[in-house]
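# My questions are about this predicted structure, shown below with the sequence.
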Amino acid sequence: MPTLPFPFDLRDAALLRDELLVDGAWAPAAGGARATIVDPATGTAIATVADGGALDARRAVDAAHAAFGPWSRRTAKDRATVLRRWFDLVVEHADDLATILTAEQGKPLAEARGEILYGAGFIEWYAEEGKRAYGELIPTNVEGRELLAIKQPIGVCAAITPWNFPMAMIARKLAPALAAGCTAVVKPAPATPLSALALAELAQRAGIPAGVINVVPGDAEAIGGELTDNPLVRKLTFTGSTAVGRLLMRRSADTVKKLSLELGGNAPLIVFDDADLDRAVRGAIDSKFRNAGQTCVCANRILVQDGIHDAFVERFVAAAAALRVGNGFEPDVQQGPLIDERALAKVRDHVADAVAHGGTVRCGGDAGELGGTFFPPTVITGATTAMRIADEETFGPVAPIFRFREEDEAVALANATESGLAAYFFTRDAARIARVGRALEHGVVGVNTGLISYEGAPFGGVKQSGLGREGSRHGLDDFLELKYLCIDGLAG
Ligand SMILES: NC(=O)c1ccc[n+]([C@@H]2O[C@H](COP(=O)([O-])OP(=O)(O)OC[C@H]3O[C@@H](n4cnc5c(N)ncnc54)[C@H](O)[C@@H]3O)[C@@H](O)[C@H]2O)c1
Ligand SMILES: O=C[C@H](O)CS(=O)(=O)O
């Protein structure tokens, strides 16, 4: 049981795991190290967790390798039954999982519960999708031959995940991996291991065999180095910053690993003159301030056409200023704290830089009395491309508003970054939807909405926002190899 008294009530305290999961056993890190987990809303320690290293990661890879044969040889239907039980257990324990998530990540409890159900949706979706890994019988080129294309699981997968969605980003990887017949080693973010360990606890209760899922919180460099260098790891799936994604891509080259990279964003949100104003304000608030602006698909730049600019700014500022900021466990709080002091410093730097370059703060702008790592919803008008906020992902509750005249100017501005994850635009013009939807260089485009996430849709970035897709039937292929079988000697 945890060495610190977890300060929040759980119906099922056994969900609180604080050791590594390797080969079906909960164990301390090889060196006995432990890390302290902090509630970002209060700064208080809520648990200590085993702090693993390279040796623990190697043991986990060996366990996943040993488990791969039996797991991949089970039928897709049999794996689906086990995944379905896992889904049912996650939903049954959603309240406890949400409490654990808010405690370590800080998002409002209702948002945390939404994340749990969103993550569970991937388990439900891939329990079924695994039964549809269809192959092909190819019309033969030689009499007496049969040509087949069959799909087979890649093997041992390493999954490295971020703190901002500490459950859903893991479920979004493990669900397709296991459905395809792969096994996995997960390295969760140092700030938020409890959600990963609770999810793994439920996987064990669901009957997922020892070694199929291994979870090794701890030293990112050491564990990451083992996962990239170990030739038994055939696939690396990473969600996190573009900088770390580049590093992992380089380190995976020596063993030619298959890669899925879900990286940083810098989402433009464009409001055209003909937009439904209320819908545009709602969509911009939803996209910008979800998870206190700490999502990869948050609107990072808001581009508003001249004719609607002042009306939009007035409504948007009022809505942003009305958001209630506080501890995620308090009822009706809509925005929790930032994850840590480093995140707060970046937000402050972006605001200071924007003001220094002529921006006007219309609401928020300073933490004031909030204290800790809280920062108020902030809107800055008069934004320009000279500002850092135009090129860098703020990952906080700051909305810079850029003004534009013509459609092609907005599209050019929207595309003028190395990122290409999400983009949004608001218009009631069908022809414009067709034009701009295709002109934006992004993997995910929301039209007249700021909320696009769904397990049945392909999610991923273009340019330097990543490789591959998660969710939808496409997400399964990232864990499958396509084999060509050429069978001769069948002539009568
Ligand atoms: N595209 C997406 O789906 C998506 C989703 C969530 C977050 N993100 C991005 O993630 C970033 C915020 O998350 P973050 O701060 O956790 O990102 P991060 O890149 O700092 O960390 C992500 C994960 O990588 C690990 N890591 C860091 N350095 C490593 C190394 N040298 N070797 C191995 N692992 C290492 C971390 O411990 C963590 O588990 C933002 O840029 C956000 O846009 C993208
Ligand atoms: O932060 C990144 C997540 O992928 C956002 S979403 O929950 O998938 O929309």
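Here it is on my side, so go on. Ligands and ions are numbered 1, 2, ... in the order given.

# what does the protein have sitting close to ligand 2?
164-165, 168, 295-297, 453, 459 (Cβ under 6 Å from any ligand atom). (C-beta placed from N, C-alpha, C; glycine too.)

# and ligand 1, which of those residues reach it?
Within the residues of the chain next to ligand 2, those near ligand 1 by Cβ under 6 Å from any ligand atom are 164-165, 296.

# out of those, which is most surrounded?
Cys296 (30 neighbours; other Cβ atoms under 10 Å).

# Would you mind measuring from the residue lying closest to that residue once chain neighbours are set aside to Ala320?
Using Cβ to Cβ, 6 or more residues apart in numbering and skipping residues adjacent in sequence, the residue nearest Cys296 is Gly265, 4.5 Å away. According to Cβ to Cβ, to the nearest Å, Gly265 stands 20 Å off from Ala320.

# Comparing the two, which residue is more hemmed in?
Neighbours of Gly265 and Ala320, each counted by other Cβ under 10 Å, are more numerous for Gly265; the result is 27 against 24.

# Can you show me the strands along the stretch 151-300 of the chain?
Applying DSSP state E, counting those that start in this stretch to the stretch 151-300 of the chain gives strands spanning 156-160, 183-187, 213-215, 233-239, 258-262, 267-271, 299-305.

# how about the ones you listed in CSV, adding mean neighbour count and distance to ligand 1?
As requested, the strands of the stretch 151-300 of the chain are arranged in CSV below (neighbours: other Cβ atoms under 10 Å; distance: least, Cβ to the nearest ligand atom, whole Å):
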stretch, mean neighbour count, distance to ligand 1
strand 156-160, 28, 5
strand 183-187, 28, 6
strand 213-215, 28, 12
strand 233-239, 25, 5
strand 258-262, 22, 3
strand 267-271, 27, 10
strand 299-305, 26, 9
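
# Tell me which other helices or strands the helix or strand hosting Phe316 touches.
Here Phe316 sits within helix 306-321, counting by DSSP states H and E. Packing partners of helix 306-321 (3 or more Cβ pairs under 8 Å, 6 or more residues apart in numbering; DSSP states H and E): helix 277-289, strand 299-305, strand 360-363, strand 378-381, strand 398-404.

# CA-only coordinates of that helix in PDB, if you can.
The C-alpha trace of helix 306-321 is given here as PDB (Å, rounded to 0.1, in the frame of the first residue of the first chain):
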ATOM      1  CA  ASP A 306     -12.000  42.500 -39.400                       C
ATOM      2  CA  GLY A 307     -15.700  42.700 -39.700                       C
ATOM      3  CA  ILE A 308     -16.500  40.500 -36.700                       C
ATOM      4  CA  HIS A 309     -13.400  41.300 -34.700                       C
ATOM      5  CA  ASP A 310     -14.800  43.800 -32.100                       C
ATOM      6  CA  ALA A 311     -18.000  41.900 -31.500                       C
ATOM      7  CA  PHE A 312     -16.100  38.600 -31.100                       C
ATOM      8  CA  VAL A 313     -13.500  40.200 -28.700                       C
ATOM      9  CA  GLU A 314     -16.200  41.700 -26.500                       C
ATOM     10  CA  ARG A 315     -18.100  38.300 -26.100                       C
ATOM     11  CA  PHE A 316     -14.900  36.200 -25.900                       C
ATOM     12  CA  VAL A 317     -13.300  38.400 -23.200                       C
ATOM     13  CA  ALA A 318     -16.500  38.300 -21.100                       C
ATOM     14  CA  ALA A 319     -16.700  34.500 -21.400                       C
ATOM     15  CA  ALA A 320     -13.000  34.000 -20.500                       C
ATOM     16  CA  ALA A 321     -13.100  36.300 -17.600                       C
END
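
# for it, the distance to its chain's centre please.
How far helix 306-321 lies from its chain's middle: 30 Å, per Cα atoms, centre = their mean, to the nearest Å.

# So that it lines up with my notes, have the first residue be 59 from now on.
Let's use 59 as the start, then, which means that last one is helix 364-379.

# now the angle from it to strand 456-462?
Counting by axes from the mean of the first three to the mean of the last three Cα atoms, to 10 degrees, helix 364-379 points 170 degrees away from the direction of strand 456-462.

# And the helix or strand following helix 364-379, what does it pack against?
Next along the chain after helix 364-379, taking DSSP H and E as the criterion, comes helix 399-414. Under the contact criterion of 3+ Cβ pairs under 8 Å, 6+ apart, helix 399-414 touches strand 436-439, helix 446-449, strand 456-462.
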